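Student: pasting the structure only:
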Ligand SMILES: Cc1cc2nc3c(=O)[nH]c(=O)nc-3n(C[C@H](O)[C@H](O)[C@H](O)COP(=O)(O)OP(=O)(O)OC[C@H]3O[C@@H](n4cnc5c(N)ncnc54)[C@H](O)[C@@H]3O)c2cc1C
């Protein structure tokens, strides 16, 4: 089959988590020519003009023909309206797996600190599942997820379950517009990176909007984290 990236997929399920996020499951016509790595994405060609829109695979990498995407539906452009409204059974052309935002070699021997804002958590969830369930790392894995409102958070039960099953895993939601009753870190992710997270032998994986990534990289580098251990994916 070679390295053919073109494929056709069918939308087989959609879960509406809340007003902001949906999760779509696709089934490929042919298996990916190469097994997706956690952090990679697919690009759809949509509409008459075959416009490209990219979405990270949020499910654990596997050889199966299906994969999940987690989508913030609020932009309401061509990509998000398609994913929100397409009927189950709709077929779509795609390219994938794409992207170099993947865990580095030998990651099982390193601590991993993942920081995402908004839908930027999607590839990070795939990385967490890959590290804990596939690679069975015993090193510390920390996932920090910044959201505006706590009601936007999803996968909370899964994160709690992972924390109880894997003592080396910590999930830190950070809410920028908290309700009084919210019992979690408050503010922006950039304000919640404390020296506890800046340990030796750690790699940093950042995903989200350009502004957050630039600010976080600056903060990390000011705290003497070497640029070579910071990896990122910009969604805008
Ligand atoms: C590598 C990668 C991975 C990604 N992974 C994910 C993911 O896992 N989940 C996810 O939710 N997103 C992800 N994204 C973002 C995603 O690709 C889209 O950018 C996003 O869903 C918006 O697409 P859209 O077609 O709905 O909106 P667009 O049509 O691209 O529009 C974006 C916004 O701009 C506004 N807009 C468009 N045109 C104009 C105009 N002419 N004037 C003024 N405003 C305008 C729209 O109203 C909308 O709010 C990823 C992006 C990249 C690059």
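Tutor: Yep, it's here. Keep in mind that this is a model prediction, so the values were computed, not measured. Residues are numbered from 1 along each chain as shown.

Student: all contacts plus neighbour counts: C-alpha atoms, from now on.
Tutor: Will do.

Student: tell me the domain boundaries of this protein?
Tutor: 6-98, 107-234 (automatic domain parsing).

Student: in JSON lines: those domains, plus mean neighbour count.
Tutor: Compiled in JSON lines, those are given as follows (neighbours: other CA atoms under 10 Å):
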{"stretch": "domain 6-98", "mean neighbour count": "18"}
{"stretch": "domain 107-234", "mean neighbour count": "18"}
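
Student: for those domains, give me JSON lines that also has mean pLDDT and distance to the ligand.
Tutor: Putting the domains of the chain into JSON lines (pLDDT from 0 to 100; distance: least, CA to the nearest ligand atom, whole Å) gives the following:
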{"stretch": "domain 6-98", "mean pLDDT": "96", "distance to the ligand": "3"}
{"stretch": "domain 107-234", "mean pLDDT": "94", "distance to the ligand": "5"}
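
Student: for stretch 85-103, what is the distance to the chain centroid?
Tutor: Distance of stretch 85-103 from the chain centroid (CA atoms, centre = their mean, to the nearest Å) equals 14 Å.

Student: how much space between the residue lying closest to residue 147 once chain neighbours are set aside and residue 161?
Tutor: Leaving out its chain neighbours, the residue that sits closest to residue 147 by CA to CA, 6 or more residues apart in numbering is residue 175, at 5.1 Å. Noted for residue 175: a distance of 21 Å to residue 161, by CA to CA, to the nearest Å.

Student: for residue 167, same thing?
Tutor: Distance from residue 167 to residue 161, by CA to CA: 10 Å.

Student: give the contact list for the nearest residue to residue 236 once chain neighbours are set aside.
Tutor: Distances taken as CA to CA, 6+ apart put residue 209 closest to residue 236, at 5.6 Å, once the chain neighbours are dropped. Residue 209 is in contact with 117, 120, 234, 235, 236, counting by CA atoms under 8 Å, 6 or more residues apart in numbering.

Student: JSON lines for those residues, including secondary structure?
Tutor: Formatted as JSON lines, the contacts of residue 209 follow (DSSP: H, G, I helix; E, B strand; the rest coil):
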{"residue": "117", "secondary structure": "strand"}
{"residue": "120", "secondary structure": "helix"}
{"residue": "234", "secondary structure": "strand"}
{"residue": "235", "secondary structure": "coil"}
{"residue": "236", "secondary structure": "coil"}
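
Student: surely residue 79 and residue 45 touch.
Tutor: No: between residue 79 and residue 45 no contact is recorded; they are 9.1 Å apart, counting by CA atoms under 8 Å.

Student: output the contacting helices and strands for the strand ranked longest in the chain.
Tutor: If you go by DSSP state E, the chain has its longest strand at strand 6-16. Here strand 6-16 is seen to pack against strand 21-28, strand 91-98 when contacts are counted using 3 or more CA pairs under 8 Å, 6 or more residues apart in numbering; DSSP states H and E.

Student: against which helices or strands is the one helix or strand residue 116 maps to packed?
Tutor: Following DSSP states H and E, one finds residue 116 within strand 111-117. Secondary-structure packing of strand 111-117 (3+ CA pairs under 8 Å, 6+ apart): helix 121-129, strand 141-147, strand 202-208.

Student: what sits up against the last one?
Tutor: The set of residues that contact strand 202-208 without belonging to it, under CA under 8 Å, 6+ apart, is 110-121, 123-124, 213, 229-236.

Student: strand partners (parallel or antiparallel) of that strand?
Tutor: Strand 202-208 sits in its sheet next to strand 111-117 (parallel), strand 230-234 (parallel), going by DSSP bridges.

Student: could you identify the helix or strand that succeeds it?
Tutor: Next along from strand 202-208, by DSSP H and E: helix 210-222.

Student: which ones are touching the closest residue to residue 28 other than its chain neighbours?
Tutor: Excluding its sequence neighbours, the residue lying closest to residue 28 (CA to CA, 6+ apart) is residue 9, at 4.2 Å. Going by CA under 8 Å, 6+ apart, residue 9 touches 26, 27, 28, 29, 91, 92, 93, 94.
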